[in-house]
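1. here are the coordinates; sequence isn't available:
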Ligand code: AMP
Ligand code: ZN
């Protein structure tokens, strides 16, 4: 059973799609007024993980991502450069697709553009007028939120302060300004416009997603995603427009990722702290490591971007790739062992259970690293055969359809192993400790730590050192930090012979 945290209900819920075996997914795409930054890609990578995982679990996923190529920001940008809207947005659209491919994000089935769906938007506005949800003022149309009692359910805003009839024209606004919002904006000097049945003008941002999602996925569909900044007003308004027009539930599951931050602040163009994918790759040209970094923090936690974190992701990925290479390229003796089948079954179960639990990527990655540790031990003990290697290789390939980061590499050890195998010699090995051999701390040992602390307080350093050495021999290493003493359990050194 797959569970997702649904913003609409504020709970983790069992995922049941409308049509068995098929998932209809809509994800808010880029507003192409500038180059997308790594914060935007945090959202797109989360959505890619969601989609790949659903496919891994056997669902057919129909994925639509819109391109907002007309809104307040794109118009402002085009005017500032004195070019027409299409010329202005095209370079950002091209750059977006290039970055998508660089980060190994699967393409959506369709990327509808707002400017190519004006008739569909007008049709919804007309429906809203007919049903009494929309009204006209100075040539623009607004949605009357007082007429839609469910307004505020997604974002949990307080509607008591609502001032009916107050209007907001801007596409983006804060929760403090809960107002009737623009569906259609009257023709204005310096703005592109369309001659339509509801008069000359251009769409508001929110109506774009309502129109494009229903056109490609139907009036009711399974999952809608975006970053948390989309919850209000964008997604709240999408629900109001779509449900008022169709009279049906718009979306069953709303999933939102938290922000990517840099130096403690949300990454956004208005804060001036953005960095793009090409800018990052100029410093460290490792797109797979960047993908892993963006992937490996749970989507409902904030993710701090730094080059140090990118270095760590690179190290982790090297470890995985070296292991994958050792399994794929090194020849092992014929046959198979029973334990590898068991290790694989366990890893697979944890991987699936982790991601089924609201995309808990940490659990899924732990499953992979535990597998690596255990198989490494089996290899070191020469307890690993050719058919085991094939199975582990297949498993890695299968989970990589979700992760999309692994490229097996032939490391130095793999080369040495291969050569020695050809000579029929046993590869030289460092025995890696198995977790099961790790000592756990006992009550007695805890007591010893306390007695050592007392000895230190009494400045009896000889006694303190003696206790420390005793514990070390038992596999408990002590470290004195400014916050107190910390202990670490290590494998007990084997006595020679
Ligand atoms: P925009 O192009 O601003 O409409 O944003 C496109 C997507 O990126 C939306 O789903 C946003 O919620 C998301 N997004 C924008 N900034 C961030 C950020 N700093 N962290 C995570 N997601 C973001
Ligand atoms: Zn949207």
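-> Received, thanks. All figures in this text were calculated on a predicted structure; none of them were measured in a lab. Ligands and ions are numbered 1, 2, ... in the order given.

2. let me know the pLDDT of residue 212.
-> Among the per-residue scores, residue 212 shows a pLDDT of 98.

3. contacts for the longest helix belonging to the chain next, please.
-> Ranked by residue count and defined by DSSP state H, the top helix of the chain is helix 307-329. Applying C-beta atoms under 8 Å, 6 or more residues apart in numbering, the contact partners of helix 307-329 are 280, 283-284, 286, 288-290, 292-293, 296, 368, 372, 375-376, 379, 389, 392-393, 396, 405-411, 413-414, 417-418. In short, each C-beta sits where N, CA and C put it, glycine included.

4. the helix or strand following that helix - contacts with which helices or strands?
-> Sequence order places helix 338-356 as the next helix or strand after helix 307-329, per DSSP states H and E. The elements that helix 338-356 packs onto, with contact taken as 3 or more C-beta pairs under 8 Å, 6 or more residues apart in numbering; DSSP states H and E, are helix 361-380, helix 386-403.

5. would you single out the least confident of the ones you listed?
-> Out of the helices and strands packed on helix 338-356, the stretch the model trusts least by mean pLDDT is helix 361-380, with a mean of 94.

6. list the buried residues of that one.
-> Within helix 361-380, the residues that qualify as buried are 361, 363-365, 367-368, 371-372, 374-380, counting by 16 or more other C-beta atoms under 10 Å.

7. could you chop the chain up by domain?
-> The record's domain parsing of the chain by automatic domain parsing lists 3-257, 412-497.

8. end-to-end on the longest one?
-> The one in question is domain 3-257. Its first and final residues considered, domain 3-257 spans 15 Å by C-alpha to C-alpha, to the nearest Å.

9. figure out which of the domains of the chain is closest to ligand 2.
-> domain 3-257 (3.3 Å; C-beta to the ion).

10. got the residues of the stretch 201-350 of the chain near ligand 2?
-> With the criterion set to C-beta under 5 Å from the ion, the stretch 201-350 of the chain comes near ligand 2 through residue 209.

11. where does the prediction get shaky in the stretch 201-350 of the chain?
-> Across the stretch 201-350 of the chain, not a single residue meets the criterion (pLDDT under 70).

12. and the helices in it, which stretches?
-> With DSSP state H, counting those that start in this stretch as the criterion, the stretch 201-350 of the chain has helices at 205-217, 236-246, 277-283, 287-295, 307-329, 338-356.

13. relative to residue 152, which of these is closest?
-> helix 236-246 (6.8 Å; C-beta to C-beta).

14. which helices and strands does the closest one pack with?
-> Here helix 236-246 touches helix 118-130, strand 140-143, helix 205-217, going by 3+ C-beta pairs under 8 Å, 6+ apart.

15. would you list these in CSV and tack on distance to residue 267 and mean neighbour count?
-> Conversion of the helices and strands packed on helix 236-246 to CSV gives the following (distance: least, C-beta to C-beta, whole Å; neighbours: other C-beta atoms under 10 Å):
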stretch, distance to residue 267, mean neighbour count
helix 118-130, 30, 19
strand 140-143, 30, 24
helix 205-217, 20, 25
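
16. can you redo the ones you listed as TSV with distance to ligand 1?
-> Written out in TSV, the entries for those read as follows (distance: least, C-beta to the nearest ligand atom, whole Å):
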stretch	distance to ligand 1
helix 118-130	17
strand 140-143	20
helix 205-217	9
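
17. so which of those is nearest residue 269?
-> Comparing the helices and strands packed on helix 236-246 by their distance to residue 269 (C-beta to C-beta), the top pick is helix 205-217, with 15.7 Å.

18. out of the helices and strands packed on helix 236-246, flag the one nearest residue 43.
-> Among these, the nearest to residue 43 by C-beta to C-beta is helix 205-217 (14.2 Å).
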